[in-house]
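Enquirer: Model the following, please.
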Amino acid sequence: MAQGKDDEVKPLLSYRGHSRLEAGDLDSHRTLTDPLYGLSRPKRRAACTAIITTEMFERLAFYGLTANLVLFLNGDPFTWLSYEAANTLLIFLGITYMCSVLGGWIADTMLGRFKTILISFIIYICGTVLLILVGCASWEYSKDKLDHTFLVTLCGGKQKCPLSTAAPIGPLGATTSTNGTTMGMVTLEPEIPDCARQHYCGKVILPALFLIAVGTGAIRSNLSPFGADQVKYEGPEVMRMFFNWFYWAINVGSFIAIGAVVCIQQNLNFFYGYLITGIALVMSTLVFVFGRMFYLSKKPMGSVLTNTRKIIGEACRRRKQRRRLYVRQDSDQVLRSNPNPSFLDMAKTRFGGSFHESMVEDVKALGKVILVFIALIPYWAVYFQMQTTFLIQGLHMRFSMKSSINHTVPDCTNASSTDNHQHVFPDIPDIPKDENFQIPPAWLTLFDIIVVLILVPVMDRIIYPRMDKSGWNLTHLRRIAIGMIFSTMAMVAAGVLEVFRIQKILSDGYCIHMRAGNTNYFAADLWVFCQIPQYTLIGISEVFTSVAGLEFAYSQAPRSMQGLIMGLFYMAMGLGSFLSSGILTLLAVPGISWLSTQDLGNINFGHFSYVFFLFAGIQVLALIIFTIAIFMYEKNQRVSSSSVAPISPTRESQRLHVQRGQVSRGSSIDG
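Expert: Model (predicted):
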């Protein structure tokens with residue numbers, strides 16, 4: 001015991017006794033310094049320290065590149081439509097999570113984790129270098145808008161849009177005459193010329209984002225398991241300690257990126273901000289490579305995903321034999337005495353298949369987990385609004401102490417041109433940035449992080465234990481449903497705020513002039529801190545839904561499937577991001593036009609509040625269906641005593657409370 005107490009004060013990770021080794025992992029005659037084990041205790045500490053430091057710098061780079069991406073694309077000199085900039089980020093996040101599944105499969109079947117992570121870093125750096133070059137071109141443009149040689153060399157010339165002759169659209173769809181009087185509530189959305197949809201510099205930006213998505217996705221799925229490999233023989237306590245530190249590194253990296261790098265991007269320029277993220281990524285790569293001498297690496301042993309695919313494929317090929325088996329009259333006693341085989345049972349050896357019964361049963365156990373992940377897709381579609389539509393809304397609110405000019409309502413709701421986007425006002429003197437510190441709207445994401453960091457330990461250590469003692473059985477599925485309620489409340493709060501924002505413009509009779517980066521926005525004289533409730537509600541929903549979703553999956557599925565479950569969890573997040581992108585695209589088509597295409601997507605036009613209410617409605621519908629499913633599932637659990645007992649989640653759920661940080665921050669924010 002004295003030795004254990006001494007080890008507790010040692011840095012990061014320590015081994016506290018042979019009794020904590022998992023049964024069967026080591027023979028009784030081996031020691032932790034045995035060559036068969038692979039690493040001495042100091043080397044294991046060094047390996048874990050390198051991996052945790054690698055994760056911190058990588059998360060700093062990722063969030064530094066993506067937290068303000070919507071503003072970067074929507075602003076000068078690129079001037080993408082606001083909803084298309086949001087769609088770009090959503091598709092990027094979707095590809096990131098899909099590549100997590102692919103990266104895990106490649107590591108398991110071909111390259112191993114170390115080589116996969118190293119190659120992913122190289123791809124990641126290539127994409128980041130391209131984005132830094134684009135940021136440099138943007139910086140050159142902001143210094144001298146008459147001389148932008150590097151921008152033209154990198155991105156090509158930019159087609160100019162002619163002035164639109166269509167009737168402008170006022171707030172909430174009210175059309176206005178040329179003198180600013182309201183002509184009625186008839187939406188007259190002009191057709192947007194191709195020049196406004198050209199995605200200027202997209203030939204460089206889109207490949208850069210794709211490379212970053214591939215690189216960070218593969219790193220996300222392999223770095224934490226690679227770290228767990230270093231301590232897997234030291235018992236669950238040391239494993240849990242590693243994931244605690246790993247979660248800490250994720251949040252430190254994201255906090256620095258959102259708190260500092262985003263501020264530099266908005267108050268100085270994006271080039272400096274992206275340059276910092278590039279340096280952080282290089283440091284992350286170097287730390288990872290230098291730690292190679294300490295790592296315990298495993299050769300690729302094959303992927304459960306491959307076996308799962310083969311089992312399902314064989315069951316599909318033998319479905320005709322299953323139908324014949326139902327109607328056979330001369331079946332032997334063994335077949336007659338057993339229940340009718342299910343679809344996947346036909347892959348078992350006793351029914352003529354090629355796979356052991358336990359392997360098939362493992363795949364069958366994934367069914368209920370996959371259904372839960374499908375139910376979470378609408379939730380993730382709502383969750384990713386935090387990085388897209390919430391940010392767009394914040395850019396049209398007050399985020400600095402000073403504004404250079406006030407505009408009347410007809411001015412700030414009149415888009416006579418499709419290519420100005422409030423970017424150039426020759427008669428308006430800009431306030432120097434060093435005299436007008438700006439609060440980046442992306443800072444509001446910090447409230448989500450703070451809520452998660454506070455509530456996860458409070459719920460885990462205080463609330464849930466007390467509820468268990470009092471007889472309140474708050475199951476995983478019920479916690480998921482509670483999280484969906486909070487996400488719905490977040491969307492309603494955002495929608496109500498948007499209605500109030502427009503009404504504020506109309507009641508005040510003017511807009512204020514806010515400058516973010518190279519771009520000027522007509523905003524309501526309403527502080528961006530009014531968005532705190534919606535960010536807080538999203539954070540609360542994450543504590544319930546994200547954590548409980550993973551805990552349910554791990555507690556219901558066999559241990560051999562836990563890696564695959566993490567991949568499926570990432571896939572659900574990616575599908576939610578794609579769903580969100582599809583909805584935003586649909587809402588911008590002529591005939592709906594809730595997202596205005598005037599003035600490059602200025603939300604003072606159109607019906608931006610309807611977007612939030614629609615997402616709230618989608619989440620309510622998903623919640624109703626999920627609640628019905630919970631009732632049926634719990635009823636079956638009570639009736640059927642022959643169901644397979646779930647794996648005890650006592651140790652596993654504790655580890656998941658820290659692993660969920662990797663998932664949620666790798667969204668979104670990992671993002």
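Enquirer: quick one, strands of the protein?
Expert: Taking DSSP state E as the test, the strands found in the chain are 175-176, 182-184, 397-398, 406-408, 510-516, 519-527.
Enquirer: ranking these by mean pLDDT, which is last?
Expert: Comparing mean pLDDT across the strands of the chain, the weakest is strand 182-184, with a mean of 33.
Enquirer: show me where pLDDT drops low in the stretch 1-150 of the chain?
Expert: Residues of the stretch 1-150 of the chain meeting the criterion pLDDT under 70: 1-39, 144-147.
Enquirer: again, 80 this time
Expert: Within the stretch 1-150 of the chain, the segments meeting pLDDT under 80 span 1-42, 142-148.
Enquirer: what sits against the closest residue to residue 477 other than its chain neighbours?
Expert: What sits nearest to residue 477 in space, not counting adjacent residues and going by C-beta to C-beta, 6 or more residues apart in numbering, is residue 630, at 4.7 Å. Placement of C-beta: from N, CA and C, glycine included. Under the criterion of C-beta atoms under 8 Å, 6 or more residues apart in numbering, the neighbours of residue 630 are 477, 478, 481.
Enquirer: Go ahead and confirm the first one touches residue 631.
Expert: No - contact criterion C-beta atoms under 8 Å: residue 477 and residue 631 do not qualify, at 9.7 Å.
Enquirer: Those two: who's more crowded?
Expert: residue 477 (21 against 11; other C-beta atoms under 10 Å).
Enquirer: residues contacting the more buried one?
Expert: Per C-beta under 8 Å, 6+ apart, neighbours of residue 477: 372, 548, 552, 626, 630, 633, 634.
Enquirer: want to throw those into TSV with pLDDT and distance to residue 53?
Expert: Formatted as TSV, the contacts of residue 477 follow (pLDDT from 0 to 100; distance: C-beta to C-beta, whole Å):
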residue	pLDDT	distance to residue 53
372	84	34
548	84	30
552	80	32
626	91	40
630	84	42
633	76	42
634	75	44
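Enquirer: Any chance of TSV for these, columns distance to residue 346?
Expert: TSV is the format used below for the contacts of residue 477 (distance: C-beta to C-beta, whole Å):
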residue	distance to residue 346
372	25
548	34
552	28
626	31
630	30
633	25
634	30
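Enquirer: Select only the buried ones of those in PyMOL?
Expert: Those of the contacts of residue 477 that count as buried under 16 or more other C-beta atoms under 10 Å are selected in PyMOL with:
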select buried, resi 372+548+552+626+630
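Enquirer: Closest to residue 571 out of the contacts of residue 477?
Expert: Nearest to residue 571 among the contacts of residue 477 is residue 372, at 12.9 Å by C-beta to C-beta.
Enquirer: from memory that closest one sits against residue 551, does it?
Expert: No - with contact defined as C-beta under 8 Å, residue 372 does not reach residue 551; the gap is 10.7 Å.
Enquirer: So what would you say the end-to-end distance of stretch 293-307 is?
Expert: Terminal residues of stretch 293-307 lie 33 Å apart, using C-alpha to C-alpha, to the nearest Å.
Enquirer: so who does residue 248 touch?
Expert: So residue 248 contacts residue 52 (C-beta under 8 Å, 6+ apart).
Enquirer: What is the burial count for residue 201?
Expert: 21.
Enquirer: For it, grab phi and psi.
Expert: phi 70, psi 10 (degrees, to the nearest 10).
Enquirer: ok, how many other residues are close to the closest residue to it other than its chain neighbours?
Expert: Nearest residue to residue 201, sequence neighbours excluded (C-beta to C-beta, 6+ apart): residue 155, at 3.6 Å. Neighbour count of residue 155, defined by other C-beta under 10 Å: 21.
Enquirer: Out of the contacts of residue 630, the closest to residue 368 would be?
Expert: residue 477 (9.9 Å).
Enquirer: separation between the closest one and residue 619?
Expert: 16 Å (C-beta to C-beta, to the nearest Å).
Enquirer: Also residue 298?
Expert: 41 Å.
Enquirer: what does residue 224 give?
Expert: Counting by C-beta to C-beta - residue 224 and residue 619 are separated by 29 Å.
Enquirer: Counting only helices, which of the contacts of residue 477 make the cut?
Expert: Residues from these lying in helices, with DSSP state H as the criterion: 372, 548, 552, 626, 630, 633, 634.
Enquirer: Test my guess that the fourth one contacts residue 375.
Expert: Yes - applying C-beta under 8 Å, one finds residue 626 in contact with residue 375, separated by 4.7 Å.
Enquirer: Now list whatever residues contact both of these two.
Expert: Common neighbours of residue 626 and residue 375 (C-beta under 8 Å, 6+ apart) are residue 480.
Enquirer: Go ahead and confirm residue 251 touches residue 449.
Expert: Yes - assessed by C-beta under 8 Å, residue 251 is found in contact with residue 449 at 6.2 Å.
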